[in-house]
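**Q** test case, fold it:
(one chain, ligands or ions: 1)
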Amino acid sequence: MPLNAPKASTSLAILASGTGSNAAAIAEYFQGHNFVSIAGIWTNRPEAGIKKREINAPIHGFLPEKDETRVLAEWKKLGVEAVALAGYLKKVPLAWIEAFPGRMFNIHPALLPKFGGKGMYGLHIHRAALTSGEAFSGLTIHEVSKEYDEGTISFQCRVPVEERDTPETLQARILKAEHWAYPRVLEAQLCQTPMPNPLSCPK
Ligand code: GRF
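**A** The predicted structure is shown next:
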């Protein structure tokens with residue numbers, strides 16, 4: 001193998017607490033991928049939506065306060081090199097962030113720094129975007145840092161707000177764009193290939 005040849009694959013762990021649609025989109029996108037493999041999906045909620053989905057990746061449960069060290073040890077043992085937060089609702093332990101500098105990513109369904117930070121989750125985000133009369137909302141994929149929603153931004157894509165939008169319809173349209181963007185941005189980050197074109201993001 002020539003020097004500098006790409007490694008066989010980068011192992012990615014996914015963290016999910018919600019309905020698991022982003023985690024499923026990522027797992028599906030990387031199935032059979034040449035350079036990225038899914039080590040597994042870790043969830044802190046016994047009733048998490050991801051458990052009801054048909055996913056070709058192992059799903060692991062954990063308790064955030066209790067299993068912080070165990071999960072990190074598991075990731076090390078499995079050779080995990082990057083982590084994607086996909087609707088993970090708990091604060092990420094500092095030890096995890098420090099173990100994956102620039103290699104732990106999150107997705108947020110708004111154009112950060114707008115509508116981010118504490119209390120900005122789920123429909124609260126879309127309600128706030130509608131109330132402030134934004135012409136566009138969208139999504140942000142960023143590196144995870146110690147502060148909520150404040151790490152370096154990797155990618156943003158705009159989704160127009162429509163006159164008849166409710167928080168629910170805006171959320172659904174942005175979620176569709178998330179499923180398109182997140183795996184492609186992770187691929188670009190992990191394989192050092194160009195970022196997807198934000199204009200190609202489904203609206
Ligand atoms: C997504 O909107 C994501 O941006 C946010 O939480 C939601 C998770 O949705 N962080 P799902 O669980 O992936 O369906």
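
**Q** count residues in the vicinity of Ala95, would you?
**A** Residues within reach of Ala95, counting by other C-beta atoms under 10 Å, total 11. In short, each C-beta sits where N, CA and C put it, glycine included.

**Q** just Gly117 next, same as before
**A** 13.

**Q** what mean pLDDT does the lengthiest helix in the chain have?
**A** The longest helix of the chain (DSSP state H) is helix 167-191. Across helix 167-191, pLDDT averages out at 98.

**Q** report the distance from that helix to the chain centre.
**A** Distance, stretch centre to chain centre, for helix 167-191: 8 Å (C-alpha atoms, centre = their mean, to the nearest Å).

**Q** now check it, is it near the ligand?
**A** Yes. For helix 167-191, a contact with the ligand is found by C-beta under 6 Å from any ligand atom, at 175, 178.

**Q** and the protein, which residues reach the ligand?
**A** 16, 18-23, 86-87, 107-109, 175, 178.

**Q** for PyMOL, what selects the buried ones among these?
**A** Command for PyMOL that selects the buried part of the residues of the chain next to the ligand, burial taken from 16 or more other C-beta atoms under 10 Å:
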select buried, resi 16+18+20+21+22+23+86+87+107+108+109+175+178
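
**Q** so which of the residues of the chain next to the ligand are in helices?
**A** If you go by DSSP H, the residues of the chain next to the ligand have 21-23, 175, 178 in helices.

**Q** any buried residues in the longest helix of the chain, and which?
**A** So, applying 16+ other C-beta under 10 Å, buried residues of helix 167-191: 167, 170-171, 173-190.

**Q** give me the helices and strands touching that helix, please.
**A** strand 10-15, helix 21-29, strand 36-43, strand 82-85, strand 104-108, helix 123-131, strand 136-143, strand 153-160 (3 or more C-beta pairs under 8 Å, 6 or more residues apart in numbering; DSSP states H and E).

**Q** what's the angle from it to strand 136-143?
**A** Here the directions of helix 167-191 and strand 136-143 differ by 30 degrees (axes from the mean of the first three to the mean of the last three C-alpha atoms, to 10 degrees).

**Q** run the angle between helix 167-191 and strand 153-160 for me.
**A** Using the same axes, to 10 degrees, helix 167-191 lies at 150 degrees relative to strand 153-160.

**Q** next, the angle from helix 167-191 to strand 36-43.
**A** Using the same axes, to 10 degrees: helix 167-191 against strand 36-43 is 130 degrees.

**Q** among the ones in helices among the residues of the chain next to the ligand, which two are most distant?
**A** Ala23 and Leu175 (12.5 Å; C-beta to C-beta).

**Q** quick one, phi/psi of Gly102?
**A** Dihedral pair for Gly102: phi 70, psi 10, per degrees, to the nearest 10.

**Q** tell me the contacts of the residue nearest to it when sequence neighbours are not counted?
**A** Excluding its sequence neighbours, the residue lying closest to Gly102 (C-beta to C-beta, 6 or more residues apart in numbering) is Glu143, at 5.7 Å. Contact partners of Glu143, counting by C-beta atoms under 8 Å, 6 or more residues apart in numbering, are 102, 104-106, 151-152, 154.
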